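S.K.: need a structure here:
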Amino acid sequence: MWLPIAGLTIGAIIGSIFTFIIPVSVASYLSIAVLAAMDSIFGGIKSIMNDKFDSTIFISGFFFNAILAALLAFIGDNLGMDIYLAAVVAFGIRIFNNLGYIRRQFIHRIRQRKAQKNQPNSDIKKEISYTKLDSNIFPAANLEFPPPNDEEMEGDQ
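M.R.: All right, here's what the predicted structure looks like:
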């Protein structure tokens, strides 16, 4: 967890020390490439939360999406069309969808932790709470009770 924070800190320090001026002629291409890269990053976070993360897919998608988006914006400019607007809309929608999913997952996990802290370590209560969160069926239907022993059966007769 400390490695991304250290990378962001070092990047911010380097960015504040060295000034780099982006030419106006390539600013729109770079902005689309950054938007595509952000989409890949949030998609990677979403796949981590789904336990489906693959670093090869992430890295190839990160660079391929950024280069393709910048290339499409360049071709659109040469044709006299504003294709970059379509890329902005598409990547914007994907980013907000991914952020919405990530937010819902964090809230769900926080609620699960609070529910577990408020309940004693009872397996039955945990099974009921997971059943209510994971499905819309009656929670008691999924509980498995051990068969009664002979002593319990004698008391009922």
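S.K.: walking through this structure, point out its strands one by one.
M.R.: In the chain, no strands are defined using DSSP state E.
S.K.: what sits against the residue lying closest to residue 98 once chain neighbours are set aside?
M.R.: Once flanking residues are discounted, residue 98 sits nearest to residue 42: 3.9 Å by C-beta to C-beta, 6 or more residues apart in numbering. C-betas here are computed from N, CA, C, even on glycine. For residue 42, the contacting residues are 94, 95, 98, 99, 102, by C-beta atoms under 8 Å, 6 or more residues apart in numbering.
S.K.: can you give me the helices in this protein?
M.R.: For the chain, applying DSSP state H gives helices covering 2-17, 24-49, 55-79, 83-118, 123-134, 150-156.
S.K.: against which helices or strands is the longest one packed?
M.R.: Read it as helix 83-118. Applying 3 or more C-beta pairs under 8 Å, 6 or more residues apart in numbering; DSSP states H and E, one finds that helix 83-118 makes contact with helix 24-49, helix 55-79, helix 123-134.
S.K.: may I see these organised as a markdown table, with mean pLDDT and distance to residue 18 added?
M.R.: Output for those, formatted as a markdown table (pLDDT from 0 to 100; distance: least, C-beta to C-beta, whole Å):
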| stretch | mean pLDDT | distance to residue 18 |
| --- | --- | --- |
| helix 24-49 | 89 | 17 |
| helix 55-79 | 90 | 22 |
| helix 123-134 | 47 | 49 |
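S.K.: need the winner for burial among those.
M.R.: helix 24-49 (a mean of 17; mean count of other C-beta atoms under 10 Å).
S.K.: off-centre distance for that one?
M.R.: Offset of helix 24-49 from its chain centre (C-alpha atoms, centre = their mean, to the nearest Å): 14 Å.
S.K.: relative orientation of it and helix 55-79 in degrees?
M.R.: Relative orientation of helix 24-49 versus helix 55-79 (axes from the mean of the first three to the mean of the last three C-alpha atoms, to 10 degrees): 150 degrees.
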